[in-house]
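> can't give you the sequence, but here's the structure:
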């Protein structure tokens, strides 16, 4: 409507002034309701063409969209294992079902009897291993004593054998041959006893230096695992934020796949940027750095200056998952939009906008850098100036929308 009024001032109004003051035709006399279409035909046709061209230029170079939302990611409150709720740490208000929590603060605890039993069993195994190490040290002392005793017996038998052999060498009739063979067997047995005692000592040393430390390390690892499982029974907040829709009760069963306990909304979620979906025809116009303006239903009569910080190169409607069926283009019913990220031009610009609120956005093309070039011709420079100038019309339209949006919502939406 605003474009039509503007164009009529440049087409219909001059045509009427020409008919009135040049040809002397007056409204109600020569120009009536039945003859106005013939008398002002040039102005009306030109007005329609100029209005269509102006609207096309405005909406192409200064795109607008009502698909603007402050998206935010929520964190489901889920344990890593199934369990029954044993204790709730956050304050529960059945009317609000909301509570602010700091990062790392406990939210609720599951029944941990099984994990506590596993941890206690691991501690007992560690104590048992420590006791076995003490016993092994005693066994090592006993093995050393047995080795020393076997060595002494071997030396005694060897001395006696050597004495008998010396006597036999001097006089063969003094010592019987049978006696020397018996002593030789005794020496061999005592020597085998040394080897057995030495092997027993090495076995105790190996058990003390390798087996028992390995068993203790395994028991400590089992204790650490049991402690980790025990810590998992206490569900804590991963980020600072607010817990919403938290209606958990002691005794409830919580499942990490199907039954979350609630939702944690991170602090400042949805207050950093807005996400707008512009038409696909604006793909060649949308650029990072474009100035934009938004007005949101949660902040009526307010226009917020924004800037385009990101333009997604892909349209979500074209994505697909590989499967057993071929893709048919007719299955894409909605054409999809170009997702852009809008951040406030000034810090705290969208703090008053409720996360998830719906908004209306305008983006404005700026040719300031191109106009600074000296290589542009007159007509090209004139066209770029005209494109920048018509953005004022779209800015006026946005402010009219911001003014009428609360009235349209409260009065004309069926309330």
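Noted; the coordinates are in hand. As the structure is a computational prediction, the values presented were derived from the model and not from experiment. Numbers count the residues shown, from 1 in each chain.
> where along the stretch 201-350 of the chain do the strands fall?
234-236, 241-244, 253-254, 262-266, 274-278, 291-296, 304-311, 338-344 (DSSP state E, counting those that start in this stretch).
> Now those in a markdown table, please, with extra columns for mean pLDDT.
Formatted as a markdown table, the strands of the stretch 201-350 of the chain follow (pLDDT from 0 to 100):
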| stretch | mean pLDDT |
| --- | --- |
| strand 234-236 | 89 |
| strand 241-244 | 86 |
| strand 253-254 | 84 |
| strand 262-266 | 86 |
| strand 274-278 | 92 |
| strand 291-296 | 93 |
| strand 304-311 | 93 |
| strand 338-344 | 93 |
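> can you put those in a markdown table and add distance to residue 47 and mean neighbour count?
(C-beta placed from N, C-alpha, C; glycine too.) Shown next, in a markdown table, are the strands of the stretch 201-350 of the chain (distance: least, Cβ to Cβ, whole Å; neighbours: other Cβ atoms under 10 Å):
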| stretch | distance to residue 47 | mean neighbour count |
| --- | --- | --- |
| strand 234-236 | 67 | 18 |
| strand 241-244 | 54 | 18 |
| strand 253-254 | 68 | 16 |
| strand 262-266 | 52 | 19 |
| strand 274-278 | 29 | 23 |
| strand 291-296 | 28 | 22 |
| strand 304-311 | 33 | 18 |
| strand 338-344 | 33 | 21 |
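> looking at these, which is closest to residue 132?
Evaluated over these, closeness to residue 132 peaks at strand 234-236, with 33.7 Å, by Cβ to Cβ.
> sorry, back to before: columns distance to residue 220 on top of the strands of the stretch 201-350 of the chain, output as TSV?
Shown next, in TSV, are these (distance: least, Cβ to Cβ, whole Å):
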stretch	distance to residue 220
strand 234-236	22
strand 241-244	36
strand 253-254	30
strand 262-266	34
strand 274-278	50
strand 291-296	57
strand 304-311	50
strand 338-344	50
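> I'd like to know which of these is closest to residue 63.
Among the strands of the stretch 201-350 of the chain, strand 274-278 comes nearest to residue 63, with 5.0 Å by Cβ to Cβ.
> what helices or strands is that closest one leaning on?
In terms of contacts (3 or more Cβ pairs under 8 Å, 6 or more residues apart in numbering; DSSP states H and E), strand 274-278 is packed against strand 64-69, strand 291-296, strand 338-344, strand 358-364.
> run the last query once more with 10 Å
strand 64-69, strand 291-296, strand 304-311, strand 338-344, strand 358-364 (3 or more Cβ pairs under 10 Å, 6 or more residues apart in numbering; DSSP states H and E).
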